[in-house]
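K.L.:
Next one to model:
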Amino acid sequence: MMNRFLLACWLLVGTSHVSVHAKPGANLVANGRFAIWEQDRPKDWIIEIGAGDQTSALVSQIRKDGDSGLVLSGDQRTQAWKLIRQDIMLKAGGTYRLSGEVHAVGIKREPHQFDNCYLGILFRDGRNQRLGLKVKDVSSINRLSKVSMTFRVPNAAESASVLVFLSKSGRLIVRHVAITVAKPLSPFDQLMTSLRSHYSFSRLKGVDWKALSNKYAQKVSQGESAEEFAKAIVPLLSELEDIHVWIEMPDGERRFVHRSMHTPTYSKSVIRGKLTGFERFESIGGIGRIREIAYVSIDGLPANADYASFINALTAVQDVDGMIIDIRRNGGGSELRAKEIAGCFTKRTVTYAQLISFREGQPSRKANRVLEAGTKQVPGFPVVCLIDGGCVSSCEGLALMFKAIDRVAVMGSNTRGASGNPKPVVLSNGVKVWFSRWVSMELDGSPVEGRGVQPQIEIAADPQGDAPLLRALAWLENHR
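P.N.:
From the prediction side, this is the model:
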């Protein structure tokens, strides 16, 4: 299939961020009631494929609904999904309200479908590159109802399009779509709206957003500077107790609001006393030997490092009885880089974890995270991966990958339990607040957050020695 996901791949023409002086309450969307149709489409609107196989003849339908309104529909046979859009002129930095009257009927996502049932607004910059997509998910609106959301146009936006999109089984009835000028939200309200809609651990941690908003609203005034605002929201964000929540100032400075402490479970001196021929690979780790066992330390997963040299050395290891992969000092980084390393240990595609994200406060369907086989392979000797609470964030993804590979035994104690895939919300005062956007889960559905990845063979902490390392060496000697 070509381009399984094509949302927002069109070219936007004839729009710009010139100031739009609209009367209060005036609808900026032309033919927003879909009353006028020309050649099987509403006047002033464009219909095109938004997701799926563009070459398929099994295409979703968009048709008129009575005197006004439209219906988007598809079923389990549908292979290509139409969306309807209209390019509109909005003011960069302006605040608007997107509203509609909708009814979602029998919405169900089939295994091969895409999780879209919404009204939305897409922004692009002067190079026609996507800046962001704001959506109002309407999957659960089971009777004709009015829906709305307030949004702010990014300062760099040069063009915008209003979208109506369904890409799963069922019918989406839309009677009216409008965009009107709205009163700007304060930076505090922008932050709370985004957290309420997208923070991934609201349910897991039992966050009461209304109570938090009431508690801190009076402490954060609209007129304060970015510096004052950042200081004022630290106590609020600290209550989430999430290492993947932090503040980024307009000048790029990052301010972390929560620290997660870890007590070492072993003594590094044991490894140093046994290790020979250790070759270090800057910012990634190193490779050496402990007698007839290869020892590989992966201390970080930086996005920009010489992974080619590291993987060449890793896959060139030979004349050993086994390998120990030690990720107990790994603070995370890039899970894509983790896949490059773990892929060297499997010759087939494996599902290693699941995830859930949130939109409008509602969870998505569980999605599988998949590891592909690497082009270069480590020889077929047995492997042990050592983990403990020093393994955190993307390193926990790496632990899950090794846990899913048959030839690898994962030993030690639980990882830290903090894996949130953070992304920022950009506020009108220039401050960015990064926060967790997914719930990472083991294959049995157990969340990683607050629990960690569990080893297959649990070994008690040994701060004065290194019982996990000694156990790994003995296990490999018995399995060579």
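K.L.:
Pretty sure residue 196 sits against residue 362.
P.N.:
No: counting by CB atoms under 8 Å, residue 196 sits too far from residue 362 to count as a contact (11.3 Å). Where you see a C-beta, it was placed from the backbone N, CA and C, and this is true even at glycine.
K.L.:
Which of those two has more residues huddled nearby?
P.N.:
For residue 196 versus residue 362, neighbours defined as other CB atoms under 10 Å are more numerous around residue 196 (17 against 11).
K.L.:
Quick check: buried residues in stretch 262-275?
P.N.:
Within stretch 262-275, the residues that count as buried by 16 or more other CB atoms under 10 Å are 265-266, 270-271, 274.
K.L.:
Just list the residues touching the closest residue to residue 178 other than its chain neighbours, thanks.
P.N.:
Distances taken as CB to CB, 6 or more residues apart in numbering place residue 27 nearest to residue 178, at 4.3 Å, with adjacent residues excluded. The contact partners of residue 27, taken as CB atoms under 8 Å, 6 or more residues apart in numbering, are 178-180.
K.L.:
Can you tell me how far residue 27 is from residue 165?
P.N.:
Taking CB to CB, to the nearest Å as the measure, residue 27 and residue 165 are separated by 20 Å.
K.L.:
likewise residue 29?
P.N.:
When residue 29 is compared with residue 165 (using CB to CB), they lie 15 Å apart.
K.L.:
out of the two, which sits in the busier spot?
P.N.:
Regarding residue 29 and residue 165, a neighbour count based on other CB under 10 Å identifies residue 165 as having more, with 23 against 19.
K.L.:
partner residues bridging the more buried one?
P.N.:
For residue 165, the beta-bridge partners are residue 83, residue 118 (DSSP bridges).
K.L.:
Can you tell me which of the contacts of residue 27 has the most neighbours?
P.N.:
In terms of neighbours by other CB under 10 Å, these top out with residue 179 at 24 neighbours.
K.L.:
In this structure that residue contacts residue 94, no?
P.N.:
No: judged on CB under 8 Å, residue 179 makes no contact with residue 94 at a distance of 10.5 Å.
K.L.:
now residue 443: how far from residue 131?
P.N.:
36 Å.
K.L.:
no, scratch that, I was asking about residue 37
P.N.:
For residue 37 relative to residue 131 (CB to CB), the value is 31 Å.
K.L.:
now swap in residue 382 and tell me
P.N.:
Residue 382 is 49 Å from residue 131, by CB to CB.
K.L.:
Next, the contact list for residue 191, please.
P.N.:
The contact partners of residue 191, by CB under 8 Å, 6+ apart, come to 233, 425, 427, 433.
K.L.:
can you list the residues you listed in JSON lines and add secondary structure, neighbour count and pLDDT?
P.N.:
Shown next, in JSON lines, are the contacts of residue 191 (DSSP: H, G, I helix; E, B strand; the rest coil; neighbours: other CB atoms under 10 Å; pLDDT from 0 to 100):
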{"residue": "233", "secondary structure": "helix", "neighbour count": "22", "pLDDT": "96"}
{"residue": "425", "secondary structure": "strand", "neighbour count": "18", "pLDDT": "93"}
{"residue": "427", "secondary structure": "coil", "neighbour count": "23", "pLDDT": "92"}
{"residue": "433", "secondary structure": "strand", "neighbour count": "23", "pLDDT": "98"}
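K.L.:
Can you tell me which of those is closest to residue 141?
P.N.:
Sorting the contacts of residue 191 by how near they are to residue 141, with CB to CB, puts residue 425 at the top with 24.7 Å.
K.L.:
Just give the number of residues close to the residue nearest to that closest one when sequence neighbours are not counted.
P.N.:
Using CB to CB, 6+ apart and skipping residues adjacent in sequence, the residue nearest residue 425 is residue 194, 4.0 Å away. Neighbour count for residue 194, taken as other CB under 10 Å: 17.
K.L.:
How about the secondary structure of residue 194?
P.N.:
Each residue gets one of three states, and residue 194 gets helix by DSSP: H, G, I helix; E, B strand; the rest coil.
K.L.:
Does it touch residue 423 like I think?
P.N.:
No: Residue 194 lies out of contact with residue 423 (CB under 8 Å); the separation is 9.9 Å.
K.L.:
mind listing the helices in the stretch 301-450 of the chain by residue range?
P.N.:
Along the stretch 301-450 of the chain, counting by DSSP state H, counting those that start in this stretch, helices occupy 307-315, 335-342, 394-404.
K.L.:
looking at these, which is closest to residue 75?
P.N.:
helix 394-404 (33.7 Å).
K.L.:
what angle separates that closest one from helix 335-342?
P.N.:
Angle of helix 394-404 versus helix 335-342, following axes from the mean of the first three to the mean of the last three CA atoms, to 10 degrees, is 40 degrees.
K.L.:
Any chance you could give me helix 394-404 in PDB, C-alpha atoms only?
P.N.:
Output of helix 394-404 as PDB, limited to C-alpha atoms (Å, rounded to 0.1, in the frame of the first residue of the first chain):
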ATOM      1  CA  SER A 394      14.100   5.600  26.600                       C
ATOM      2  CA  CYS A 395      16.400   3.100  28.300                       C
ATOM      3  CA  GLU A 396      13.200   1.400  29.600                       C
ATOM      4  CA  GLY A 397      12.100   1.100  26.000                       C
ATOM      5  CA  LEU A 398      15.500  -0.600  25.300                       C
ATOM      6  CA  ALA A 399      14.900  -3.000  28.300                       C
ATOM      7  CA  LEU A 400      11.500  -3.900  26.800                       C
ATOM      8  CA  MET A 401      13.100  -4.600  23.500                       C
ATOM      9  CA  PHE A 402      15.600  -7.000  25.000                       C
ATOM     10  CA  LYS A 403      12.800  -8.600  27.100                       C
ATOM     11  CA  ALA A 404      11.000  -9.400  23.900                       C
END
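K.L.:
Give me the average confidence score over that helix.
P.N.:
Throughout helix 394-404, pLDDT has a mean value of 98.
K.L.:
chain center to it, what's the gap?
P.N.:
Here the centre of helix 394-404 is set off from its chain's centre by 17 Å, with CA atoms, centre = their mean, to the nearest Å.
K.L.:
what comes up buried for that helix?
P.N.:
Result for helix 394-404 [16+ other CB under 10 Å]: buried residues 394-404.
K.L.:
I'd like to know how far residue 382 sits from residue 311.
P.N.:
20 Å.
K.L.:
show me where pLDDT drops low in the protein?
P.N.:
Applying pLDDT under 70 to the chain flags residues 1-24, 222-223.
K.L.:
The same query, at a cut-off of 50, please.
P.N.:
For the chain, applying pLDDT under 50 flags the ranges 1-20.
K.L.:
pretty sure residue 176 is in a strand, no?
P.N.:
Yes: secondary structure assignment places residue 176 in a strand (three-state DSSP).
K.L.:
Look up phi and psi at the closest residue to it other than its chain neighbours.
P.N.:
In space, and not counting its chain neighbours, residue 176 is closest to residue 101: 4.3 Å by CB to CB, 6+ apart. Dihedral pair for residue 101: phi -120, psi 110, per degrees, to the nearest 10.
K.L.:
Tell me what residue 101 is bridged to.
P.N.:
residue 146, residue 176.
K.L.:
Much appreciated, bye for now.
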